[in-house]
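> After the sequence you'll find the predicted model.
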Amino acid sequence: MKLQQLLSYTRKAVDDYQMIQDGDRIAIGISGGKDSLTLLYALSNLRRFYPKKYELEAITVSMGYEEMDFSAVAALCKELNVNFTMVDTQIAEILFEHRKESNPCSLCAKMRKGAFNSKAKELGCNKKAYAHHYDDVIETMIMSLIYEGRFHCFAPVTYLDRSDITLIRPLIYVEEEEIKKFQNRYSLPVVKNPCPVDGYTKREYAKQLIKQLQSESPGLRERLFHAIQTGNIKGWNKQP
């Protein structure tokens with residue numbers, strides 16, 4: 001996938017759900033993975049010609065793993081003219097050494113979001129952007145069906161009243177396979193996640209299940225995404 005195609009997908013999502021308004025200051029969550037770095041590329045380049053003017057802040061919440069080096073990510077942010085901020089935490093130590101969590105994902109996400117939101121507000125941001133893509137949308141819906149017994153998915157735009165910040169997801173039309181191609185084409189400085197439970201989650205189970213069903217019923221992924229867009233899930237009605 002070339003940058004031009006990425007920008008086309010991103011702009012369509014931003015326009016369909018009115019994600020960005022004039023004067024927005026948007027914090028991008030940079031985990032170091034391919035998705036968040038692709039989002040960084042998308043929003044920093046869209047900023048050059050999008051009719052509504054906005055500012056960006058790139059924020060990484062460090063889990064406390066010494067082996068994670070974000071120097072190349074910081075260099076990319078400088079190249080793209082986006083301010084980069086590292087928030088140092090000891091989340092990994094708390095989860096695995098002190099609490100010895102066997103299923104840490106939920107608590108980890110809550111702690112990371114808290115640290116991220118605090119820094120975003122400190123930097124004057126009124127919005128934050130997460131890099132959830134097309135496949136994340138489908139997988140989340142499947143997980144909701146299997147584990148919660150309801151037809152549900154996160155919304156493209158969500159106002160978080162507790163933190164007084166609006167969450168946007170500009171990559172919802174971009175498939176994961178396209179992101180992988182983008183990563184290779186533009187040599188994104190991906191930082192490997194050393195988390196011991198990475199890849200062993202309910203999401204990974206949903207991903208593999210969808211892959212199997214897609215092989216048996218071609219076009220399944222597109223039908224699932226269409227069902228989400230037209231199934232009266234809160235926040236998924238396109239804005240006029």
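On my side now, so go ahead.
> So the residue nearest in space to the middle of the chain: helix, strand or coil?
Nearest to the mean C-alpha position of the chain, counting by Cα atoms, centre = their mean, stands residue 131 at 2.1 Å. Judged by DSSP: H, G, I helix; E, B strand; the rest coil, the three-state class of residue 131 is coil.
> hang on, isn't it packed against residue 38?
Yes - using Cβ atoms under 8 Å, residue 131 is in contact with residue 38, at 6.7 Å. In short, each C-beta sits where N, CA and C put it, glycine included.
> what sits in contact with each of those two?
Counting by Cβ atoms under 8 Å, 6 or more residues apart in numbering, the contacts common to residue 131 and residue 38 are residue 171.
> CA-only coordinates of the helix ranked longest in the chain in CSV, if you can.
Ranked by residue count under DSSP state H, the longest helix found in the chain is helix 105-122. Backbone C-alpha positions of helix 105-122 (Å, rounded to 0.1, in the frame of the first residue of the first chain) are rendered in CSV as follows:
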residue,chain,number,x,y,z
CYS,A,105,-4.6,-7.4,29.6
SER,A,106,-7.6,-5.6,31.0
LEU,A,107,-5.8,-4.0,33.9
CYS,A,108,-2.8,-3.2,31.7
ALA,A,109,-5.0,-1.4,29.1
LYS,A,110,-6.7,0.6,31.9
MET,A,111,-3.4,1.7,33.4
ARG,A,112,-2.0,2.6,30.0
LYS,A,113,-5.1,4.6,29.0
GLY,A,114,-5.0,6.5,32.3
ALA,A,115,-1.3,7.5,31.8
PHE,A,116,-2.0,8.4,28.2
ASN,A,117,-5.1,10.5,28.9
SER,A,118,-3.3,12.4,31.7
LYS,A,119,-0.4,13.4,29.4
ALA,A,120,-2.8,14.2,26.5
LYS,A,121,-4.7,16.6,28.6
GLU,A,122,-1.5,18.1,30.0
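> Need phi/psi at the residue nearest to the centre of the chain.
Torsion angles at residue 131 (phi, psi; degrees, to the nearest 10) stand at phi -100, psi 30.
> how close does it get to residue 144?
Per Cβ to Cβ, to the nearest Å, residue 131 is found 20 Å from residue 144.
> How about residue 158?
Counting by Cβ to Cβ - residue 158 and residue 144 are separated by 15 Å.
> Kindly report the same for residue 225.
On the measure of Cβ to Cβ, residue 225 and residue 144 end up 14 Å apart.
> ok, which stretches of this protein are strands?
Shown for the chain, the strands assigned by DSSP state E span residues 24-29, 54-62, 83-88, 127-129, 157-160, 165-168.
> ok, now which ones touch residue 171?
9, 10, 13, 35, 38, 39, 42, 131, 132, 133, 134, 179 are the contacts of residue 171 under Cβ under 8 Å, 6+ apart.
> again, only using 10 Å
6, 9-10, 13, 35-36, 38-39, 42-43, 129-134, 136-137, 178-179 (Cβ atoms under 10 Å, 6 or more residues apart in numbering).
> Show the residue spans covered by the helices in the chain.
Using DSSP H, helices in the chain cover 3-16, 34-46, 71-79, 91-93, 105-122, 134-143, 176-186, 202-216, 220-230.
> For the longest helix of the chain, list every residue counted as buried.
105, 108, 111, 112, 113, 115, 116, 117, 119, 120 (16 or more other Cβ atoms under 10 Å).
> my guess is the fifth one meets residue 128, correct?
Read it as residue 113. Yes - counting by Cβ atoms under 10 Å, residue 113 touches residue 128, with 9.2 Å between them.
> Fine by me, thanks again.
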